[in-house]
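Colleague: A structural model of the following input is requested.
(chains A and B)
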Protein chains: 2
Amino acid sequence: MALWKSIGNGTLEGVSRVADLDASKLTITLSESLKPIPPHETLLFGKTMSDHMLVAEFDPEIGWSAPRIVPHGPLSIDPASSCIQYGNTVFEGMKAYIGSDGEPRLFRPDMNMARLARSAERMALPPFNTDQVLALIRQLITIDRRWIPLFTGYSLYVRPTIMGTRMGLAVAPSDHATLCIMLSPVGPYFRSGVKPISALAVSETVRAWPGGTGGHKVALNYSPGFLPLRVAQKQGYEQILWLLGDDLKVTEAGAMNVFVAVKREDGDIDLLTPPLDGTILPGVTRDSVLALGKAHTAGETTLPDIPASLRLHVQERIITIPDLQQWHAGGKLLEAFGAGTAVVIASIGKIGFKGEDIVFAEHEGGLGPIAKAFRTRILDIQEGREVWKNWSVPVAEL
Amino acid sequence: MALWKSIGNGTLEGVSRVADLDASKLTITLSESLKPIPPHETLLFGKTMSDHMLVAEFDPEIGWSAPRIVPHGPLSIDPASSCIQYGNTVFEGMKAYIGSDGEPRLFRPDMNMARLARSAERMALPPFNTDQVLALIRQLITIDRRWIPLFTGYSLYVRPTIMGTRMGLAVAPSDHATLCIMLSPVGPYFRSGVKPISALAVSETVRAWPGGTGGHKVALNYSPGFLPLRVAQKQGYEQILWLLGDDLKVTEAGAMNVFVAVKREDGDIDLLTPPLDGTILPGVTRDSVLALGKAHTAGETTLPDIPASLRLHVQERIITIPDLQQWHAGGKLLEAFGAGTAVVIASIGKIGFKGEDIVFAEHEGGLGPIAKAFRTRILDIQEGREVWKNWSVPVAEL
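Modeller: All right, here's what the predicted structure looks like:
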């Protein structure tokens, strides 16, 4: 459905010749007073912003403006802009870590960039050269490098956002946009740290549906969950497990992809996650769990504290609440966990549905052995202690 | 699911005692240079803003701030705000007209206010006293009264917007918000004026879903339609007729409710619109068409140029594409039209589906007799030429 396409030579196909995003045109205005960095243990997810942010604007007559690094602060936005009036925003979430070599790294940034481009296209926002976005992220992280926490499980969260800024109330695509990249030092996503989370399975409210936008990282997927989340929290659950359809298909938990580990008759383990049918976000951590699980079973690697002989049968397949109930009743439901950039991997300790809870076995350290194996390995790769394919990319090489 | 409730005495139930919205605290800062009003025939929908806007902020410790009327202009919004990051905005659309008595009027503003409150609750935004919002609209319209066009079919569009302004990237409800009311002089919604619109029926992309937010006036319902609209327009259609489900249920057209008029065996007419099942916006114009249609058939009024003896059997029922095709093939499908605040009533001249068009009979003036009857009567009421119940409310009485 693409009507605009960045063809990488400073022009956008399908638009009159206008400027593509160009990191070489970057201007930098440093903050006159740098902020004190809060003690890492006080950080709440996404609450503290670093000193600087990156901004560039798209105008249909001109194309992308020269990008600017400026002190982080409010933008001047007309309240009649499409990002306010019609929820016309897309974003990404990435994390920068300091590797063992002292260099900042990003985890599989190419996947985030490909998804950002797809999200922008879905929201009819203008196209851009994703390599230039990465080059700009490199510059921004380099300038705010002191904000990358050095503690394991901590990182500098990178939030590229593209918002439609057409001024006008007609329900129509935005021909103006603003790219804004923010940085925020973060620790464990949940205040409770690495503890199993409790999730309330909800079917009356639906996160995403076939033909909707659940498979894209768009702003509007999230706020419909705010009220149900508040209701769930009043009932004592921390997150929502979103269901879909009369067969009560499991889709996502909060803002995470979901995995379950089920014991098989042959002693192996089925590691299951819902398929990418358009209602599920194609998560980078999700993809990494799938790839590492397959690599373990293929003998290409051995996941931490998982016997090499224990095979994980990785499958993208429909999982329903009755499936979970049946596996649980049969003593086969070993673990459930969420996977996402913000949380990395978090065990699910309890799933509530219509007044009954599926309670999972407790484990020391708050993680079941499968969840722990993936979390440990992914953090090892992200933080540069372990090399796996080209997943951990030094920021200097972007 | 309400967790906060405005109890009208300056406190909000469920929140520590904080200030409710209070129009008596209004401060007014007039623009130093008033803008020239463009010739009415040049107005594009929602593109020109009046001189002033109203702003008030909610802080969880303080409650609603004293509202301010200030010159229309950009707001200072942190890019990490929930309205940007997570599509956390609700809005309303109303129109002010100058009545035959020279007084500005609004059309059924109580319905808009009730819907705004429901939308805000659905988006977990703070509550507010809707009477105070109306009192503020009165003040704003009074100040910018010169912006109300005096031509029939023209009006001053009123756009109350409430946006979540919590600064932070956690996926959680916003405990800060901004109310912003804007005014925009508007003419016919479509550039073509009163001409039948063509609509492409789309089922691959789905506007709303059971358990979703389609029954609320929330920002995020609209931008998923931008790309499909662009694609439809490339195919020569002006709007999209949104379908739902394998049975191809008709839901809405663009941002309008849909009606069809079907000839019955007994010579009467069935006037049909989809039921409010949570996927359909409960439109004020929709409700007005239903009420006027019933009143005509009950003999309480006679719609313009419709014989009093012609009964309109008004029904909220499921309508599918196969229904339309069958009625069309049988020569029974008289008219289809959209109803909404922006468009009032617009005939649909053509519905495309999978390469085939249902083409409706052409009528002089671009409106079928049923659509024209409702459009004429509703405009007569809105513009104060006709009194019907308490639908047209002088702004001075708000």
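
Colleague: list the contacts for the residue of the stretch 101-250 of chain A found nearest chain B?
Modeller: Residue nearest to chain B within the stretch 101-250 of chain A (C-beta to the nearest C-beta): residue A:169, separated by 2.5 Å. From N, CA and C alone the C-beta is placed, and that goes for glycine too. By C-beta atoms under 8 Å, 6 or more residues apart in numbering or on different chains, the contact list for residue A:169 reads A:80, A:85, B:45, B:46, B:47, B:93, B:157, B:159, B:184.

Colleague: between these, which is nearest residue B:223?
Modeller: Each of the contacts of residue A:169 was checked against residue B:223 using C-beta to C-beta; the closest is residue A:85, at 9.0 Å.

Colleague: show me what contacts the residue nearest to the closest one when sequence neighbours are not counted?
Modeller: Nearest non-adjacent residue to residue A:85, counting by C-beta to C-beta, 6 or more residues apart in numbering or on different chains: residue B:219, 5.8 Å away. For residue B:219, the contact set (C-beta under 8 Å, 6+ apart) comprises A:84, A:85, A:86, A:87, A:220, B:83, B:87, B:89, B:90, B:91.

Colleague: near chain B, which residues of the stretch 1-150 of chain A?
Modeller: By the rule C-beta under 8 Å from any C-beta of the partner chain, the part of the stretch 1-150 of chain A lying against chain B is A:1, A:3, A:44-47, A:49, A:53, A:73-80, A:82-89, A:91, A:93, A:121-124.

Colleague: mind listing which of the residues you listed are in strands?
Modeller: Using DSSP state E, the subset of the residues of the stretch 1-150 of chain A next to chain B located in strands is A:53, A:75, A:76, A:77, A:89, A:91.

Colleague: can you redo these as a markdown table with neighbour count and pLDDT?
Modeller: What follows is those, written out as a markdown table (neighbours: other C-beta atoms under 10 Å in any protein chain shown; pLDDT from 0 to 100):
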| residue | neighbour count | pLDDT |
| --- | --- | --- |
| A:53 | 24 | 98 |
| A:75 | 22 | 98 |
| A:76 | 9 | 98 |
| A:77 | 23 | 98 |
| A:89 | 33 | 98 |
| A:91 | 24 | 98 |
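
Colleague: which of those residues sit farthest apart?
Modeller: Farthest pair in these, by C-beta to C-beta: A:76 and A:91, 19.7 Å.

Colleague: before we move on, the earlier item: just the buried ones from the residues of the stretch 1-150 of chain A next to chain B?
Modeller: A:45-47, A:49, A:53, A:75, A:77-80, A:82-89, A:91, A:93, A:121-124 (16 or more other C-beta atoms under 10 Å in any protein chain shown).

Colleague: in helices, which of the residues you listed fall?
Modeller: A:82, A:83, A:84, A:85, A:121, A:122 (DSSP state H).

Colleague: nearest to residue B:99 among those?
Modeller: So of these, ranked by how close each gets to residue B:99 (C-beta to C-beta), first place is residue A:85, at 28.5 Å.

Colleague: can you show me the strands along the stretch 1-150 of chain A?
Modeller: In the stretch 1-150 of chain A, the segments counted as strands under DSSP state E, counting those that start in this stretch are A:5-6, A:12-13, A:27-28, A:52-59, A:63-64, A:68-71, A:75-77, A:89-91, A:94-98, A:104-107.

Colleague: please identify the most buried of those.
Modeller: strand A:89-91 (a mean of 28; mean count of other C-beta atoms under 10 Å in any protein chain shown).

Colleague: that one packs against which elements?
Modeller: Applying 3 or more C-beta pairs under 8 Å, 6 or more residues apart in numbering or on different chains; DSSP states H and E, we find strand A:89-91 packed against helix A:109-122, strand A:155-164, helix B:82-85.

Colleague: so which of those is nearest residue A:380?
Modeller: strand A:155-164 (13.5 Å).

Colleague: quick check, the closest one touching chain B?
Modeller: Yes - Strand A:155-164 reaches chain B (C-beta under 8 Å from any C-beta) through A:157, A:159, A:161, A:163, A:164.

Colleague: tell me how many other residues surround the third one.
Modeller: Think residue A:161. When neighbours are defined as other C-beta atoms under 10 Å in any protein chain shown, residue A:161 has 22 of them.

Colleague: looking at chain A, which helix or strand does the model trust least?
Modeller: Counting by mean pLDDT, DSSP states H and E, the weakest-scoring helix or strand in chain A turns out to be strand A:5-6, with a mean of 61.

Colleague: cool, thanks, talk later.
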